[in-house]
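# Sequence plus the predicted model coming up.
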Amino acid sequence: MAAAQPNRLPSGGRIDRSRPLAFSFDGKACEGFAGDTLASALMAGGVSLVGRSFKLRRPRGIVGSGAEEPNAIMQIGEGAAAQPNLPATQVELRGGLTARATRGWPAARFDIGAINDVFGRVLGAGFYYKTFMWPRSWWKHYEHGIRKSAGFGQAPDGPDPDRYEHMNTHCDVLVAGGGAAGLMAAMTAAKSGARVILADEQNEFGGSLLASAASIDGVPAADWVAAAVAELQGLEDCVLLPSSTVFGYHDHNFLTIAQRCAGPTGSSDGGAVRERLWRVRARQVVLAQGSLERPLAFCNNDRPGVMLASAVSVYVERYAVLPGRRAVVFTNNDSAYRAAISLAGAGAEVAAIVDSRPGGGGELGVRAQALGIPVLAGHVVSDVAGRRRVTGASIARWSGDSWGAVRSTIRMDCDLVAVSGGWSPAVHLHSQAGGRLAWDESRLCFLPAEARQAHVSAGAGNGKWSLGECLADGLRAGAEAVSRLGLKTAAIRAPETSPDAGENPIEPLWRVPAARDADRCPRQFIDFQNDTTVADIRLAAREGYRNVEHVKRYTALGFGTDQGKLGNINGMAVLADVLGKTIPEVGTTTFRPAYTPVSFGVCAGESVGELYDPVRTTAIHQWHEAAGAPMETVGQWRRPWYFPRNGEDLHAAVARECLAVRNSLGVMDASTLGKIDACGPDVVEFLERIYTHNVGRMKVGRCAYGVIPGEDGMLKDDGVMARTGERRFYLTTTTGGAAAVLDWMEKWLQTEWPELEVYLTSLTDHYSTIAAAGPNSRRLLEKLGCDIPLDKERFPFMTVKPAELAGMRVMLFRVSFSGELAFEINIDSNNAPAMWRKIMEAGAEFDIAPYGTETMHVLRAEKGFIIAGQDTDGSVTPVDLGMNWLLSKEKDFLGKRSLQRPDCLREDRKQWVGLLSQDGRTVLPEGTQLIGDNGKAAKMCGHVTSSYFSACLGHPIALGLVAGGRQRKGETIYAAQAGRDPLPVQIVSPVFYDPRGKRQHV
Amino acid sequence: MKRYSGLALLRNALDYNRNWPPAWRSPEPKKSYDAIIVGGGGHGLATAYYLAREHGFGNVAVLEKGWIGGGNTGRNTSIVRSNYLWTEASLLYEKSLKLWEGLSRELNYNVMFSQRGVYNLGHSLQDMRDIERRVNANRLNGIDAEVLGPAEIQKAIPCINTSPGARYPILGASLQRRGGVARHDAVAWGFARAADALGVDIIERCEVTSIEVRAGRAVGVATTRGAIAADRIGVVVAGNAGVLAGMAGLRLPIESHPLQAFVSEPIRPVLDTVVMSGAVHGYISQSDKGELVVGAGIDAYNGYGQRGSFPVIEHAMQAIIELFPAFSRVRMLRMWGGIVDICPDACPIVSKTPVEGLYFNCGWGTGGFKATPGSGWVFAHTLANDRPHDLNAPFSLDRFASGALIDEHGAAAVAH
Amino acid sequence: MSETSSPLPGVEISVRSGRGFLNLRLNPRRGQALEAAERILGQPVPPAANTFTAGEHEIYWLGPDEWLIATAAERVLSLGSELAEGLAGFHSAVNDVSGGHVELLVSGVDARTVLTKGCTLDLHPREFAPGQCAQTGLGRAAVLLAAGDPSIYTIVVRRSVSDYLCSWLANAARPHGARFPAR
Amino acid sequence: MLLIECPWCGPRAETEFSYGGEAGIERPADPYALSDAEWADYLFFRSNPRGAHRELWNHAQGCRRWFGVERDTVSYRIEKSYRLGSAGSGRPAAAQIEASEEKRR
């Protein structure tokens, strides 16, 4: 064990020593314990170099212990279940886990890119804006090289094997953060009867209490946490979410939480959920996310072995790992003294606490000195030695001047420098919610100020640093949330803690002076991951990028995966110094979600793959599938495209289906058409305003074709309508337009014409529609048995009647979208499969052919009927389509006024025409552009909207929109073809077949 | 202007980068200018640059209420293409694309315009008809365009899912090879630096509070930094056009909506081009740093909040996973919103107004970033000559009354 | 939330067959239309938003002038004509929509959890108590959701998206050991 | 995700609704009396304010009713939502519907 984990302390920590876990790092076998993070296990194993910085490729070690970690960015797992870019500090160790460093080639330890560090000065902030411009065409070559070094981890190599889900929930109080303050707030709210959700990003509740030596109510802090959690678990309506990061605070108190349910690489069986997205609507929110420690900006402050002081404490106390044998602690505030005490307690040597404050620390300083730790007050660490690991620190007297040069007078050997530059409350969610931030000059941090939504901050996130204050503040926040809910706050007392150590106040130290000035000294890092240095910020300001947003964008400060959790405040403070402004004058930036990165998968939830979008199917769909019909996607619908027999391809099948309809009998499932029942005393008046034709003239039992323009005059939808009663109509719409048309009508009815009494009811799903078309369709119906006469005198074209067909009640329409004798059978969808089967049986003697959307399109094209959305595109009026005859002159209708605008009256508008390729055999591709002549620079005058080979005509036909087309019938224009000569095309009438419409009247 | 070059970088590095001059000055506003451009985004800065450069205007100011490039210029997904459907739109965007192609050298500022190609995917037969139509129109307008089938798409983009069993299978795509992405901030900074070098005053933290109109003519503006007189005033303020128009008593046919986007953590290069899908509402590219940059659909409601609703982001994630199943485990780093000003026909207004000497350039919707240089170029022409260039003549304010809309919406062309 | 594949399923999902549906539109504030309908239906037509009454039929509030009557399939024809006749004097609409709807039952201790995965309503029993119903979204489908006895929910969904919804439910219920009858 | 109060169904998530744009755009009584510019103003021009906005929403997945909402377009805060034709909508249609209700009762 000692060999595998040389830095593991013999006792202590919250790890389970009885459960050793084997894992690998960069291919090397390693070992840790249950309860470890990958970071603590690596540290226990003596791994100090875990990655390379992004630009300069400097060797880097672990800096932090949580979400702020900028360096230890890992690739976890392999193949499709790989997970890129996890900070080792946030990976719970699992047996068999494989981890790889993500920067450095061939390895993090030996990286040939480290050459960048040598040329670093050339690669200052914004260098790429200033070069790579010659020769002009070479940027792509430069970029190719730049891209080679892009990114950290690798995307998985296949579809995600894991499951994700959403959970929509509501609560009275959401508490974000389960440390001392969060637990108290949750306890207060839950005991007062509120529905509470408590979420914490760590796998255990307690936050910093898990690494604390303090006692609460007379028991160790961790025991108090366990008792509190147990009590909360016992309360009704209190949901505890560990491993759950509240990453987004959106409008209207909607928050999003990402919960890790399985290990980092997911579950082995596909059934369990890897991550869950909680979508929470909270009436009140308590933000208790704690605070983030800041590093200090001294030379070479990025060397492996330079760590946050609080992280040092966490590794020692929580994970029983010793991050170094001989440490220098460097601070400008009291909190780092705890790290020194922890280290000393764990048997490490603390060479010195270097405290920039002339007065040094408070009571903790006394305690440290009692342990024999020397305190160098009024000193700073100005530089560290060592490349792959810190080997020593140079210490200088601090005069209070950040920008002058200092000479270091002391050099100490050490392998660890624990730093603390003070604390920044995690105000991210407060800011995301629109809350204001206010700079606190005594605490040297931004504190949450006025909230814009229903939230209150508590604990360290509210600038309360000591345990006693945190507990009390949590209680206060919980009570405040409860009282805002109008509930009575349960009587809860703040727990007793050992009295807080008296602290000396923090003093500013934003840049540590060095032996040379800030531009010439060794690098002082502000943003570790992006290699942003103090000199970079100075350079940006020098070049005029003075707004904090410009500086951030020019230097990439805060754009790393840690999103500036370590560096942003330090960067702003340095900028303020450079500009001679105060930090609040420089301002802060608005935080946006996510607080920490969240997977695409968890945001997507269940709605991926087959559940990505609902598939709508008709009642007869199973029959179509069994018949082997390929499907066409039309909006959400799946419709049979064609019904191949004996290995036919699309063209053969469609030709056969078309001929069947023209010569005998075809049947098609038209159930996807929209259907609306419209009834009421004002229904005629209402429909007169919606449709263009004279609705009132329709007699009961009659059908009419109608078009619906938008108020801009452009065609919106079309369909057949039937007058089924004096005050009742049955309206049909296109498949894609069903919902939109109903919405359109309801909107006018409800918002503009509420005085009209009309009820609209969607019948789209209730009725299935089966179109039987062809000369034998009447005989089919007769054979099926119909209780009404079907002859043309008593059931003429464009009429509707209720009937009983094959023993089933139907609404029978004598309409035709093919130009043949045809009937559309509207039937309760429950009976539709049975009716379809009977039709197929009865139709066998006529060699009935089921047909799909493609044949339907060809048949209607032969007849010159439009398909809205294919032959129209939102810029086509009914006039353009040659539907003048449909436009009533006697009434107003929606869109009519727009048709009188000058552009709509132009003679050369694109008009709908038929087109014939002059060679008699080319089927023009749909979307072909038409040009006036066959010259090279010819202007476009239209395009082909529909084009097919017509089996019954024996040649191709096409429909299209051509400028002034209706007056140009007989003219030859040209179809432009890519890479080939334009093809001559003749403009003809759009009706190719049975132009006088005799066949549908038989 | 001190020229940028590799040599300059070396020379300055030797001197610890202590002698780089400011990229642009921060002058005090003068009492009067020949022309004022309201709005220091990419479009405004480009307008000022081309006014000075192409039309010899020496006395021009750009007034920016915050910091330059802080609006949509810095909040987009930086896609550049010109393959629009209608001739009017495609020619305008093509002018812009041509300017993009020489922009880094023109400005002596590397805007990192990367012509890695733009794919517009088709998922239904109707999508494919629309793609054919658009590609054919583009070709006739001299714009590079081609139609690819699923196999070619799969070959060019190995990680895309062209399985026919997908919920919205990929049936094909149009490809504009000359399209690509650029570095968004650099465009604003590059134009600012080049305009500044030609004498343009770039005045930040200077908010226009009213437009002074005398006898039907705009004569100046009041600002938070004092009154400024001007011969002509060009307004280019995405997300604020209506407010500025109101100052001059004008109304605009524009509605402002949130448009959201997000980036992932940087991952190793995996996507070498731009992929857009109007049908599933998602578009994606990978930056030179390795971030996947994803654009979402437009939020339905009017909003100036620079943020939208989370379900729109969820939908975009679902769309991206539908297209690239392997990206499910990639993590979103941050999300943000811009404000898009949408015209009824999804085309911009670059136009004179009923007020003499007052010009508006607005309503770019989702097309603004790619249009930056072209928009500035035609707007400068319009200001300088008091009449539009042929390229922007169709984009007048009058078209809404005449009905001569250029309907990129209705035409089902992908709007982004 | 039980996520183990225990032998006892946390949720059961079934399709109720033999159901018929009528859509009723009338203005409850106009004359005696509501009373006339109630006489024919033999039970109250719920005036309060998002509630339903249960008797021979279930009558769900859909909107201020719209209700869905769920009843035995064989009752639809006669009930529909009785209503149409009885309401002839009023502005009203009665439509047989039996073919347009599918009724599902979701029950079990985890039923609420499963629905919560795809429904933004607050389904806490205090907020969505027995007797309440709501039209809302479930997954990406629009549904009518009604709370029956504790941990029994009725879902009415449009027929064309019912296959999708069943797939959605089966997927959501999978971690809870759902039993799902073959459709 | 906004929380929108349907005047009939109570507060519901934004995803249940569809947006209908600015409220109170009245269709001109006589479109033919308008110039093309006036007609265009009705068709296309909206107030698009930065701040308080009266707008229409439809409870699409719920009761299918259109209703009015007063919402701030910067803070997105909703001040109120109201039934059309009830007090506060300020639309003549409100008076009409009440009157026609009375007449027919």
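Good, I have the coordinates.
# Would you mind listing what in chain D touches chain C?
D:1, D:8-10, D:12-13, D:15-16, D:60-65, D:101, D:104-105 (Cβ under 8 Å from any Cβ of the partner chain). For the C-beta atoms, the positions are set from N, CA and C on the backbone; glycine is no exception.
# Next, name the residue at the spatial heart of chain C.
Chain C has C:Val156 as the residue nearest its centroid, 4.2 Å off, counting by Cα atoms, centre = their mean.
# Validate this expectation: that residue resides in a helix.
No: secondary structure of C:Val156 (DSSP: H, G, I helix; E, B strand; the rest coil): strand, not part of a helix.
# the longest helix in chain C is where?
helix C:159-173 (DSSP state H).
# right, is it up against chain A?
Yes: interface with chain A: helix C:159-173 contributes C:159-161, C:163-165, C:167-168, C:171-172 (Cβ under 8 Å from any Cβ).
# In the stretch 901-1002 of chain A, which residue sits nearest chain B?
Among the residues of the stretch 901-1002 of chain A, A:Gly927 lies closest to chain B, at 2.7 Å counting by Cβ to the nearest Cβ.
# Do you know the pLDDT at that residue?
We have a pLDDT of 96 for A:Gly927.
# Now it: closest residue in space that isn't a chain neighbour?
Closest residue to A:Gly927 apart from its sequence neighbours, by Cβ to Cβ, 6 or more residues apart in numbering or on different chains: B:Glu132 at 2.7 Å.
# Could you give the number of residues near the one you found?
Per other Cβ atoms under 10 Å in any protein chain shown, the neighbour tally for B:Glu132 reads 22.
# Please tell me how far it sits from B:Gly122.
9 Å (Cβ to Cβ, to the nearest Å).
# just A:Arg837 next, same as before
In terms of Cβ to Cβ, A:Arg837 sits 36 Å off from B:Gly122.
# Next up, phi/psi of residue 207, please.
This is for chain A. Backbone torsions of A:Gly207, given as degrees, to the nearest 10, read phi 50, psi -130.
# my bad, the chain I had in mind was chain B
Backbone geometry at B:Glu207, expressed as degrees, to the nearest 10, gives phi -90, psi 130.
# Next, the contact list for it, please.
Contacts for B:Glu207 (Cβ atoms under 8 Å, 6 or more residues apart in numbering or on different chains) come out as B:63, B:65, B:223-224.
# By neighbours, which of these wins?
Most surrounded of the contacts of B:Glu207: other Cβ under 10 Å gives B:Leu63, at 29 neighbours.
# Please look at that one and B:Gly40 and confirm they touch.
Yes: B:Leu63 lies in contact with B:Gly40 (Cβ atoms under 8 Å); the separation is 7.1 Å.
# how about the helices in chain D?
D:36-44, D:92-104.
# For the ones you listed, which has the smallest mean pLDDT value?
Here these differ in mean pLDDT, and the lowest is helix D:92-104 at a mean of 44.
# Counting neighbours, what do you get for the nearest residue to A:Gly605 once chain neighbours are set aside?
Counting by Cβ to Cβ, 6+ apart, A:His166 is the residue found nearest to A:Gly605 once chain neighbours are left out, at 3.9 Å. Using other Cβ under 10 Å, A:His166 is surrounded by 24 other residues.
# just A:Glu441 next, same as before
10.
# out of everything not next to it in sequence, what's closest to the residue nearest to the centre of chain C?
Using Cβ to Cβ, 6+ apart, the nearest residue to C:Val156 is C:Leu144, at 4.1 Å.
# Name the residues that touch stretch B:4-16?
Under Cβ under 8 Å, 6+ apart, the answer for stretch B:4-16 is A:119, A:121-122, A:124, A:127, A:129-134, A:519-520, A:535, B:2, B:18-20, B:108-110.
# Buried among those residues? Need that as a selection in ChimeraX.
Selecting the buried subset of the contacts of stretch B:4-16 in ChimeraX, with 16 or more other Cβ atoms under 10 Å in any protein chain shown as the burial test, is done by:
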select /A:121,122,124,127,129,130,131,132,133,519,535 /B:20,108,109,110
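# So which of the contacts of stretch B:4-16 belong to strands?
With DSSP state E as the criterion, strands contain none of the contacts of stretch B:4-16.
# secondary structure element for C:Leu62?
Per DSSP states H and E: C:Leu62 is located in strand C:58-63.
# counting contacts, what elements does that strand pack onto?
Judged by 3 or more Cβ pairs under 8 Å, 6 or more residues apart in numbering or on different chains; DSSP states H and E, strand C:58-63 is in contact with strand C:52-54, strand C:66-72, strand C:133-138, strand C:141-147.
# can you do 6 Å?
strand C:52-54, strand C:66-72 (3 or more Cβ pairs under 6 Å, 6 or more residues apart in numbering or on different chains; DSSP states H and E).
# Now do the first one: which elements does it pack against?
Contact analysis of strand C:52-54 by 3+ Cβ pairs under 6 Å, 6+ apart lists strand C:58-63 as its packing neighbours.
# In the sheet, which strands lie alongside the strand it packs on, parallel or antiparallel?
strand C:52-54 (antiparallel), strand C:66-72 (antiparallel) (DSSP bridges).
# More neighbours: A:Arg837 and B:Gly122, which one.
B:Gly122 (27 against 13).
# any idea how far A:Ala940 is from chain D?
Check again: residue A:940 is Met, not Ala. Noted for A:Met940: a distance of 26 Å to chain D, by Cβ to the nearest Cβ, to the nearest Å.
# Assumed the residue of the stretch 901-1002 of chain A closest to chain B was part of a helix.
No: A:Gly927: not assigned to a helix; according to three-state DSSP it is coil.
# So what's the residue count around residue 47?
You didn't say which chain, so I picked chain A. So A:Val47, with other Cβ under 10 Å, has 23 neighbours.
# nope, chain D please
15.
# where does chain B come near chain D, residue by residue?
B:242-243, B:251, B:253-256, B:300-305, B:309-311, B:344, B:400-401 (Cβ under 6 Å from any Cβ of the partner chain).
# Mind giving me the ChimeraX select for those, buried ones only?
In ChimeraX, a selection of the buried entries from those looks like this (16+ other Cβ under 10 Å):
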select /B:242,243,253,254,255,256,300,301,302,303,304,305,309,310,311,344,400,401
